[in-house]
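Visitor: turn this into a model:
(chains A and B)
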Amino acid sequence: MFLPMSPTAGPLERLWHVVFSGLCLAIFAFLILPLVIVVPLSFNAEAYFTFTREMLSLSPEAFSLRWYRELFTNPQWAAAFRNSLFVAVGATLIATTLGTVAALGLAKLKPALRASVMILLLSPMIIPIVIVAAALYFFFTAIGLAQTLTGLILAHAMLGAPFVVTTVLATLSGFDWNLVRAAASLGAGPVHTFRKVTLPAIAPGVISGGLFAFITSLDEVVVVMFLASVDQRTVPRQMWSGIREQLSPTILAAATLLIVASFLLLLFAEMIRRRNEAARASTHED
Amino acid sequence: MSAPLSAEQMAGASPTAMPADIEKAARRVERRQAFSAALLVLPLIVLIAFAFLIPVGLLLFKSIDNPVVAEGLPETLTALQSWSPADGLPSDAAYTGLKRDIEKAKAEGTLGVIGARLNQDTPGARSLLQATGRRLDATTDADPHQAFIAIDKRWGEPEIFGAIRNAGDRYTLNYYLNALDLTRNTAGDIIAKPEGQRLHINLFIRTVWVSALTAFVCFLLAYPIAYLLAHLPARRANLLMIVVLLPFWTSILVRITSWIALLQKQGVVNDALASLGVIGEAGRLALIYNMTGTIIVGTHILLPFFVLPLYSVMKTVNPNLVRAATSLGASPFTAFRRVYFPLTVPGIFAGSSLVFILCTGYFITPALVGGQNGQLISNIIAYHMQQSLNWGLAAALSTLLLVMIGIVYFLYTRLVRDQR
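Guide: Numbers count the residues shown, from 1 in each chain, chains lettered A, B, ... in the order given. Predicted coordinates for the structure are as follows:
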C-alpha cells in the first residue's frame, strides 16, 4: 500500500515516507477496525459487549452461536427483517423506475432548466432527516398514510430516488443518442427502443443507483421512528431500541449479518462499475 | 425521441437559407421534444412534491400557524383587544367572554388543547383552565369577575390575561422568539429569557462548533489517504478504495454499535488500555455518551464524504506541475505547499462543506452516543416533536436550521466561484 519512493531520496525524505505510510495505515485502521471488531464479538458466549479473557486465549467454549440463535428465533427480529426487506424492495423499485425515467428526461432538458430541476430533485439529500421525518409525520397522519407500510415505502423511495438520478445521468453522459435515432429510423417505437437500446446501455447506472436506493432504505431509521407502528419496525429500528434499552450481543449478531450483506452489495456494485468502465474503454478504442 | 430528425440536425444543414415554414416546423419539433422530456421528469417531481416538498412546506408553516387560542377563546380575545396589562385587571366583559369560551370549549372537548397551548408559554395554565372549567356553573353568571377569582386567585392577576392575549394571534412569531431564547413579558415586549432557560442558542452554537470540529478532523484524516489513493497505481488504489467505501455502505446503526463496543467504559479500548497498564481500573476513559463520542463516531461516519470529493480533485492535478517545481529547485515540502496544496483547495472546500452540512443535521449519532452534552439541534427538534409536543417550536427550530444550512451552502458556492 506504499507509495513508490525515488531512489535518490535523502534520509529526511525516507523518514517522512515511513511516517506518512504509518499515518495512512492508522487512518485506514480507524475506518475499518470498528467494522471488523464486531464480527468476533458477535460469537461471544457471554452477554458482554467486549472480549472476555477466555476469548482472548481462544478457548473454544468462549465462542458460541448463541446470539445468532436468539436473532433467528426471536419473532420481533424476524418481523423486523421481513419489514426491512419488504420496504426496501418496494422503495427501490419505485425509486429506480421514477429515477431512471426522470434522468432520461433530464438529459434532454436545456442545461439551465436541468440545473434548477436537479436542485429540486437532490434537495432531500441535504435537508436534515429529522426535519423530513417530522414533516412526513404531520402530512402522512393528515392523509392517513402514517403507520402504513405504503407510507414508509413512498418516503424511502423519495430518499433513494436522487441517487438513481445522479448515477443514471452520469451513465447517460457517455451515451450515444444516435443509437436511439438509428433505432427509430429502423421503425422501432419509443418503448421498444428503450428496452432494446437505451436500457442495456445504461443498465450499470440503473443497477448501481438501485443498489444505493436499496441501501438507503435498509439503513434508514429516523423516518421509520416517526412513521412506523410497533409491528412495522425495521431492522435498524430494532437495533435502535436495542442500543437504547438493553445492550445485548444480539445486536452484534444482527450487525455482523448487515456488514456481510453490505460487503457483498459493495463488491457487486464495484463489479458493475468496473465492467462498465471496461466496456466504455473498449468502445472508445474502436 | 420519436421525431425522425432533431431540430439541430435540420438547422445544421444550412441555418441561414432555411425557409420560414421549415424553421417553424423545426421549432415545433424542438418544443415537442422539450415537452416529452419534461413529461418524463414529471412522475419523480410528483413523488418529491408529495413526500418531501409539501410536507416540509406544511411543517415550516406550522412555525407561524397559531390557531388554537385564536379559535378557542374568541370572545375573551375580543374583550382584551384594547386592554393592556398596565391597566391592571381587564373589564368584566373579558371575564364574561372567558366564561362563555370555556363553556363552549368544554362542550366541544377542546379545553385540554387550549390549556396545552397556553401551558407552552405559562406553565400551570393547563391545570388552571381545567380546574376552572370544572367549577364554572350558573351561579357565576352574576359576577363572573369575583367568581373566577374565587376559583383561583391567578385570575385576579393581569399576567394570565397577558399570556392569553400573547398566545391569541392567529399567526405568531412567538415560536421563533422561543427558538431564539426570547420571550414576551405580559406587556408584550420582547425580552431575553431568564438565564437558566436559554437552551436553544447554546445548542445552535454547539451544533456549529461540533460540525466545524468534525469537518476539521475529517480534513486532517482525509487528506493523507486521499493523497495516497490518488497516487498509488490503479490496482492497489482500487483495493484500498474498498476500505473507504465499506464503512460508507454499512448501516449507521451497525457502525454505532461497533463504536459502543469499542469505546464504552467496559469496552475493547478501555479493556486493552487497562490490561496494558496505561490506565488504572478507576481511570477508565469516558470516550462515549458525551461530546467526544459524538465527534469520534461522527468523524468515522462522515470521513468518506470528505475523502471522495478530495480524491477526485487530486486525480485531476497534473503531476508535472510538482515535478516542474522540484526541478526548479523547490524542496519537496515547498513544492507541496506552494503548488500541490493550493490546487487541491477546491476539494477541501467541497469536502468540508459537505461534512459540515451533513453534520449540522446529525441526529442518530448524538442521540445514541452523545449522552447529555453531545446532543445537537436535531435532537431537540425530535424532543419537541415527540416528548414536549410543542410542534410550533419544533417547526421554528427546523426553519432556523434550514436557514443555517442555506447560509453555509451559499457561502460554499461563493467560495467556489471566487476560486475560479
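Visitor: can we go C-alpha only for contacts and neighbour counts from here?
Guide: OK.
Visitor: just give me the neighbour total for residue A:20.
Guide: Residue A:20 has 17 neighbouring residues, counting by other CA atoms under 10 Å in any protein chain shown.
Visitor: so which strand or helix has it?
Guide: According to DSSP states H and E, residue A:20 maps onto helix A:11-41.
Visitor: where's that helix relative to the chain centroid, distance-wise?
Guide: Centroid displacement of helix A:11-41 relative to its chain, using CA atoms, centre = their mean, to the nearest Å, is 25 Å.
Visitor: right, is the lengthiest helix in chain B up against chain A?
Guide: The longest helix of chain B (DSSP state H) is helix B:200-231. Yes: applying CA under 8 Å from any CA of the partner chain, one finds helix B:200-231 touching chain A at B:221, B:224, B:225, B:228, B:231.
Visitor: need phi/psi at the one residue in the stretch 301-420 of chain B that gets nearest to chain A.
Guide: Among the residues of the stretch 301-420 of chain B, residue B:361 lies closest to chain A, at 4.3 Å counting by CA to the nearest CA. Dihedral pair for residue B:361: phi -90, psi 10, per degrees, to the nearest 10.
Visitor: find the nearest non-adjacent residue to it, please.
Guide: Excluding its sequence neighbours, the residue lying closest to residue B:361 (CA to CA, 6 or more residues apart in numbering or on different chains) is residue A:128, at 4.3 Å.
Visitor: what's the one you found in contact with, if anything?
Guide: Taking CA atoms under 8 Å, 6 or more residues apart in numbering or on different chains, we find residue A:128 in contact with B:358, B:360, B:361, B:362, B:378.
Visitor: same check, this time on residue B:47
Guide: Residues in contact with residue B:47, defined by CA under 8 Å, 6+ apart, are A:154, A:158.
Visitor: let's see it at 7 Å
Guide: residue A:158 (CA atoms under 7 Å, 6 or more residues apart in numbering or on different chains).
Visitor: so where does it fall, helix or strand?
Guide: Here residue B:47, judged by DSSP H and E, is contained in helix B:20-48.
Visitor: repeat that for residue B:160.
Guide: In this assignment (DSSP H and E), residue B:160 forms part of helix B:158-166.
Visitor: who's in contact with that helix?
Guide: Contacts for helix B:158-166 (CA under 7 Å, 6+ apart): B:77, B:85, B:88, B:89, B:118, B:122, B:186, B:187, B:188.
Visitor: where are the low-confidence patches of the stretch 1-150 of chain A?
Guide: Within the stretch 1-150 of chain A, the stretches falling below the threshold (pLDDT under 70) are A:1-2, A:5-7.
Visitor: next to chain B, which bits of it? Give me the list.
Guide: Selection of the stretch 1-150 of chain A residues close to chain B by CA under 7 Å from any CA of the partner chain yields A:1, A:3, A:24, A:27-28, A:31-32, A:34-35, A:38, A:49-51, A:98-99, A:101-102, A:105-106, A:108-109, A:121, A:126, A:128-132, A:135-136, A:139.
Visitor: quick one on the thing from earlier: which positions within the next helix or strand after the helix holding residue A:20 qualify as buried?
Guide: Beyond helix A:11-41 on the C-terminal side, the first helix or strand identified by DSSP H and E is helix A:53-56. Going by neighbour count (16 or more other CA atoms under 10 Å in any protein chain shown), the buried part of helix A:53-56 is residue A:55.
Visitor: burial count for residue A:174?
Guide: Residue A:174: 11 surrounding residues under other CA under 10 Å.
Visitor: tell me the pLDDT at it?
Guide: Residue A:174 is assigned 81 on the pLDDT scale.
Visitor: which parts of the stretch 151-286 of chain A are helices?
Guide: Here the stretch 151-286 of chain A has its helices, by DSSP state H, counting those that start in this stretch, at A:178-185, A:190-193, A:199-219, A:222-227, A:235-244, A:250-285.
Visitor: what is the longest one packed up against?
Guide: Using 3 or more CA pairs under 7 Å, 6 or more residues apart in numbering or on different chains; DSSP states H and E as the contact definition, the elements that helix A:250-285 packs against are helix A:11-41, helix A:66-73, helix A:199-219, helix B:234-249.
Visitor: domains of chain B: list them as residue ranges, please.
Guide: Residue ranges for the domains of chain B, per automatic domain parsing: B:7-62, B:67-197, B:200-419.
Visitor: hey, which of those is tucked in deepest?
Guide: For these, the largest average neighbour count (mean count of other CA atoms under 10 Å in any protein chain shown) is found in domain B:200-419, namely a mean of 19.
Visitor: how much distance is there from it to the middle of the chain?
Guide: The answer for domain B:200-419 is 17 Å, by CA atoms, centre = their mean.
Visitor: and the gap between residue A:117 and residue B:42?
Guide: From residue A:117 across to residue B:42, the span is 10 Å (CA to CA, to the nearest Å).
Visitor: coming back round to it: can I get the helix holding residue B:160 in CSV, CA atoms only?
Guide: Listed next in CSV are the C-alpha coordinates belonging to helix B:158-166 (Å, rounded to 0.1, in the frame of the first residue of the first chain):
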residue,chain,number,x,y,z
PRO,B,158,-53.2,40.6,34.9
GLU,B,159,-50.4,38.1,33.9
ILE,B,160,-52.6,35.3,32.8
PHE,B,161,-54.7,37.6,30.6
GLY,B,162,-51.4,39.0,29.1
ALA,B,163,-50.5,35.4,28.3
ILE,B,164,-53.8,34.7,26.7
ARG,B,165,-53.5,37.8,24.6
ASN,B,166,-49.9,37.0,23.6
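Visitor: who's in contact with the next helix-or-strand element following that helix?
Guide: For helix B:158-166, the following helix or strand on the C-terminal side (DSSP H and E) is helix B:174-179. With CA under 7 Å, 6+ apart as the test, helix B:174-179 has contacts from B:63, B:183, B:200, B:392, B:393, B:396, B:397.
Visitor: over to stretch A:217-235?
Guide: Outside stretch A:217-235, the residues within contact range by CA under 7 Å, 6+ apart are A:80-81, A:83-84, A:88, A:129-130, A:133-134, A:137, A:146-148, A:152, A:156, A:236-237, B:251-252.
Visitor: show me the contacts for residue 206.
Guide: I'll assume chain A. The neighbours of residue A:206, taking CA under 7 Å, 6+ apart as the test, are A:96, A:100, A:164, A:168.
Visitor: nope, chain B
Guide: residue B:376.
Visitor: distance of it relative to residue B:306?
Guide: Relative to residue B:306, and taking CA to CA, residue B:206 is found at 21 Å.
Visitor: which residue is the nearest non-sequential neighbour of residue A:85?
Guide: Using CA to CA, 6+ apart and skipping the chain neighbours, the partner closest in space to residue A:85 is residue A:218 (7.4 Å).
Visitor: whoops, residue B:416 was the one
Guide: What sits nearest to residue B:416 in space, not counting adjacent residues and going by CA to CA, 6+ apart, is residue B:346, at 6.9 Å.
Visitor: show me what the helix or strand hosting that neighbour is packed up against.
Guide: Element membership of residue B:346 [criterion: DSSP H and E] is helix B:341-360. The helices and strands touching helix B:341-360, judged by 3+ CA pairs under 7 Å, 6+ apart, are helix B:200-231, helix B:291-316, helix B:391-419.
Visitor: next, the angle from the longest one to helix B:341-360.
Guide: The directions of helix B:200-231 and helix B:341-360 differ by 140 degrees, with axes from the mean of the first three to the mean of the last three CA atoms, to 10 degrees as the criterion.
Visitor: which ones are touching residue B:314?
Guide: Residue B:314 makes contacts with B:227, B:230, B:344, as judged by CA under 7 Å, 6+ apart.
Visitor: please read the previous query as pertaining to residue A:93.
Guide: With CA under 7 Å, 6+ apart, residue A:93 has no contacts at all.
Visitor: return the set of buried residues in the strand or helix carrying it.
Guide: Counting by DSSP H and E, the element that carries residue A:93 is helix A:75-108. In terms of neighbour count (16+ other CA under 10 Å), helix A:75-108 has its buried residues at A:76-77, A:79-108.
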